[in-house]
Structures are given as structure tokens and as C-alpha cells.
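**Student:** Provided below for reference: sequence and predicted model.
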Amino acid sequence: MLPTHGRYDYHAWPTRRAYAWPSEARLAVYLGVNLEHFAFGEGLGAELAPGGPQPDVLNFAWRDYGNRVGAWRLLALLEEVALPATVLLNSAMYDYAPALVAAHRARGDEIAGHGRTNSERQSVLPEAEERALIAESTAAIARHEGASPRGWLSPWIAESRATPDLLAEAGYAYTLNWCADDAPIWMRTRAGRLLAIPYPQEVNDIPSIVGRKDGAEQFADMVVDDFEERLLQVRDGLPQVMGIALHPYLVGQPYRLRHLRRALAHVAAKRGVVWITTAGGVLDHVLSLPPGTIPGE
């Protein structure tokens, strides 16, 4: 037998129970906006060009452009198309760019945990140190936002074998780490259940633009095509969640933002046909459904 994680069972897609999102929509759409801060001269980070000896000024400054400029342009675009966001927040941002976090707070965006910084992976830490990382990030968000975050995305989506347990023990209700489905599923942890909400690894600007070297127009087309194909698929009655993952140092570049504007306007124009929400909104609706509706219950 192959080793298994034991977190969820296999549920064949055609055998799922049908249910609806608010207003009888079958497709829920949310934006995951990653606000990340990186250590200078050490640690991990996406690369515009292969990194040289530290300090790697080129790649640090390229990423920092997102917080200084790109994120503000993305905020303006979100206002223009009237779309909410789930902000996936490195807690280091409270010290580095508090005005940026405050701007998202002012528009009512959801703040979800995203570790301390994307310069580190929690998966390589001993359990006690990983617990401390989660606690430190959570406490910072609770202190600034007045409430603890309900959702978590690990930096680099890196998990240890204990991460779901630690998240549930820390009071988290959902995780975005597991991209194994097109609809929410319940996961088992030693502290009870944890909802896995789909977070994209395809309609995500890092694997698309940094990994596959897709152009700005290609990424925007990917958003539109994924959206339209899902609208076709949900006619069978089975609901889906579509996430769109965005990083300001990528899509905040002017030529990419121009194409992203087209894609997000296309999604926003279908408001009423689809449910445009946040990851936390998906959680709230799932919790309102009759027991046994969601796989894993």
C-alpha cells in the first residue's frame, strides 16, 4: 500500500451532492491577493532572473516593487471593478507597509494568515517552531484587525505532516493549501475538521508567469477561459469554487495590469450569474448547509 496522508477520502466528482451558493449561483469566485515581504540578503523568494550572490538586489527590489507601487495599482483596479478580495498576508507587512494593509482593511477585504514572510517555509521547522510561527502570525493579525484570521495559506504552500493539526488547534477554520478539488472538502485533523477551500495553482500568476513564462495576455486569457469553462460545467448542478491568485509584484506591472483589467472586468460583468465573494464567504456558506452536504462530513 502507498503511504497516505489520511486527511480526506476519495469522493468521485459525479457522486457529489448538488447544492447552491447564494442566489442559486453554482459558481463562487474569489480573488486571493498575496501581500508578501521578504528578507534582504537571505531567504527564499521568486526570481525575475537567476539569483546571484547575496545581497540579491535585483530580485529583492523587483519583489519590493509590488508593495511600493504594484499593490496600490491593483487596489485601484479592484475599486474600479468593485471586486472584494481575500488578502493573504505576511504578518511582516504590518511593520513594513502598514498603510497598504490599512487600505485593504478600509475597503472591507478579508485578511487571512500567510505566515510571517515568504522568505521562509514552515515545512522544515520542528513542530514546536511551526506552532510558534503560526501563533506569531495569527497574533499580529488579531492585534491589528481586531479578530483572528479564519483562513491560512502557508508561505510557498509548504506543509509539514502536522500543519493541518496545528492550524485547527490554533483556531483556523479553513486552509487554502490543498489544491486537490474544485469544491470545498472537509479534512480530518487531531483537533477536529478543517475546511479545504480550492486555491488555484493554475490560475495563479506565479506558476503561470514565473514558472511557465506565460505572457500578460496569456494569463488574462487563462482567467477568462477558466471562468467561462466553469460556467459551462456547473450546468450539471454541481457547484464549484474558482480562485484567482494574484501577486502585486507581477500583475501590478503596468502592461500586465492592463490585461488583468480586461479579465477582471469580464468576471465582474457576470455578477448575479456567479457569486463573487471571499474565501471566508465560502466558509460561511458551507457552514450554513445541511450536514452531509460537503464531502468529508
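**Tutor:** Thanks, I have it.
**Student:** and the pLDDT at W275?
**Tutor:** Per-residue pLDDT puts W275 at 98.
**Student:** should've said E169
**Tutor:** On the pLDDT scale, E169 gets 98.
**Student:** quick one: the residue nearest to it when sequence neighbours are not counted from T4, how far?
**Tutor:** Nearest in space to E169, with sequence neighbours left out and distances taken as Cβ to Cβ, 6 or more residues apart in numbering, is A191 at 4.5 Å. (C-beta placed from N, C-alpha, C; glycine too.) As for A191, its distance to T4 is 20 Å (criterion: Cβ to Cβ, to the nearest Å).
**Student:** of these two, who's got more company?
**Tutor:** For A191 versus T4, the count of surrounding residues by other Cβ atoms under 10 Å is larger for A191: 15 against 8.
**Student:** what are the phi and psi values at the more buried one?
**Tutor:** Main-chain dihedrals, A191, degrees, to the nearest 10: phi -110, psi 20.
**Student:** I figured it hits Y172, correct?
**Tutor:** No. Checked against Cβ atoms under 8 Å, the pair A191 and Y172 is beyond contact range at 9.6 Å.
**Student:** first-to-last residue distance for stretch 208-217?
**Tutor:** With Cα to Cα, to the nearest Å as the measure, stretch 208-217 spans 11 Å from end to end.
**Student:** where exactly do the strands run in the stretch 1-150 of the chain?
**Tutor:** Secondary structure of the stretch 1-150 of the chain by DSSP state E, counting those that start in this stretch: the strands cover 27-35, 86-89, 110-113.
**Student:** buried residues, the last one. List them.
**Tutor:** Just to be clear, that refers to strand 110-113. By 16 or more other Cβ atoms under 10 Å, the buried positions in strand 110-113 come out as E110, I111, A112, G113.
**Student:** OK, contacts around the residue nearest to E169?
**Tutor:** D165, A168, E169 (Cβ atoms under 8 Å, 6 or more residues apart in numbering).
**Student:** one more: L88?
**Tutor:** G32, V33, N34, L35, A112, G113, H114, L153, L176.
**Student:** could the residues you listed go into JSON lines alongside pLDDT?
**Tutor:** Formatted as JSON lines, the contacts of L88 follow (pLDDT from 0 to 100):
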{"residue": "G32", "pLDDT": "98"}
{"residue": "V33", "pLDDT": "99"}
{"residue": "N34", "pLDDT": "98"}
{"residue": "L35", "pLDDT": "98"}
{"residue": "A112", "pLDDT": "99"}
{"residue": "G113", "pLDDT": "98"}
{"residue": "H114", "pLDDT": "98"}
{"residue": "L153", "pLDDT": "99"}
{"residue": "L176", "pLDDT": "99"}
